[in-house]
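Visitor: Next comes the sequence, and after it the predicted model I'd like to discuss.
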Amino acid sequence: SAVISQKPSRDICQRGTSLTIQCQVDSQVTMMFWYRQQPGQSLTLIATANQGSEATYESGFVIDKFPISRPNLTFSTLTVSNMSPEDSSIYLCSVLGASEAFFGQGTRLTVV
Amino acid sequence: AQRVTQPEKLLSVFKGAPVELKCNYSYSGSPELFWYVQYSRQRLQLLLRHISRESIKGFTADLNKGETSFHLKKPFAQEEDSAMYYCALLRGGYQKVTFGTGTKLQVIP
């Protein structure tokens, strides 16, 4: 199993600013995943963070808006840049174990 | 393209009644399917996976490849079953998970 710590757990931010979300895993993993869960909707994969290479972004998400760092095998950050109210959402970090996915507790972001 | 469909946003049942949460998928390969649950104020966690063919908290789910379904069932609902349930598909090789839109189960006392 994997234990994932994510912070901050929530934040209220002004539009136009940026927020960096941190994700720490208690074991070394090759890939870490960042999801967004908008109100009333399902989880949408933003990108896959690979250690030692550029993150792989899903359709509709770009690096300029969601830059990701992956400095080592246990840590990753996701930045939400130049925020607008449409970015208000829950952001989740996840890793895949041998047979299941593990999730952080999420970061609830409100942009005002 | 892979897709997971959960047709019901909300399912309300009385305590003791049977529960069935529907999930259909489309995927060209061999799917690995899961049910995840999120209780109030808790993180998303695995409930069960089709490979293990297990029963967790009284819930079971059978993969029906002919109908491309993976419905979650429980014969007698309990109040503590109230939660959001997500059906998910693991895309082998790409190691990515696709989630359904989720069904909120509400068990009425």
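Guide: Good, I have the coordinates.
Visitor: give the contact list for B:Thr98.
Guide: Going by Cβ atoms under 8 Å, 6 or more residues apart in numbering or on different chains, B:Thr98 touches A:45, B:2-4, B:88-89, B:91. Where C-beta positions appear, they are placed from N, C-alpha and C, glycine not excepted.
Visitor: can we see that at 10 Å?
Guide: Contacts for B:Thr98 (Cβ atoms under 10 Å, 6 or more residues apart in numbering or on different chains) come out as A:42-45, B:1-4, B:25-27, B:31, B:87-91.
Visitor: Next: A:Leu96.
Guide: With Cβ under 10 Å, 6+ apart, A:Leu96 has these contacts: A:2, A:29-33, A:102, B:90, B:95-97.
Visitor: In those, find the pair that's most separated.
Guide: Based on Cβ to Cβ, the longest span within the contacts of A:Leu96 runs between A:Ala2 and B:Lys96 and measures 16.8 Å.
Visitor: Residue 61: neighbour count?
Guide: No chain specified, so I'll use chain A. Each residue near A:Phe61 was counted by other Cβ atoms under 10 Å in any protein chain shown, and the total is 16.
Visitor: right idea, wrong chain: chain B
Guide: B:Ala61 has 26 nearby residues by other Cβ under 10 Å.
Visitor: just the residues of chain B that are near chain A, which are they?
Guide: B:4, B:6, B:9, B:32, B:34, B:36, B:38, B:41-49, B:51-52, B:84, B:86-88, B:90, B:94-102, B:104 (Cβ under 10 Å from any Cβ of the partner chain).
Visitor: Only the buried subset of the residues you listed, as a ChimeraX command please.
Guide: Buried members of those can be picked out in ChimeraX with the line below, counting by 16 or more other Cβ atoms under 10 Å in any protein chain shown:
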select /B:4,6,32,34,36,38,44,46,47,48,49,86,87,88,90,96,97,98,99,100,101,102,104
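Visitor: Sketch out the strands for chain A, chain order is fine.
Guide: A:4-7, A:10-13, A:19-25, A:31-37, A:43-50, A:56-57, A:68-72, A:75-80, A:89-96, A:101-103, A:107-111 (DSSP state E).
Visitor: What pairs with the fourth one, parallel or antiparallel?
Guide: In the sheet, strand A:31-37 lines up against strand A:43-50 (antiparallel), strand A:89-96 (antiparallel) (DSSP bridges).
Visitor: Using CSV, write out every CA atom in the first one.
Guide: As requested, the backbone C-alpha atoms of strand A:43-50 are provided in CSV (Å, rounded to 0.1, in the frame of the first residue of the first chain):
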residue,chain,number,x,y,z
LEU,A,43,-12.2,12.7,-11.7
THR,A,44,-10.4,13.9,-14.7
LEU,A,45,-6.7,13.1,-15.2
ILE,A,46,-4.6,16.2,-15.7
ALA,A,47,-1.2,14.7,-16.2
THR,A,48,1.2,12.0,-15.3
ALA,A,49,4.4,13.1,-13.5
ASN,A,50,7.4,11.0,-14.4
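Visitor: If we go by neighbour counts, what in it is buried?
Guide: Here strand A:43-50 shows A:43-49 as buried, counting by 16+ other Cβ under 10 Å.
Visitor: Tell me the one of these nearest B:Val13?
Guide: A:Leu43 (24.6 Å).
Visitor: Tell me what that closest one is bridged to.
Guide: With DSSP bridges as the rule, A:Leu43 is bridged to A:Gln37.
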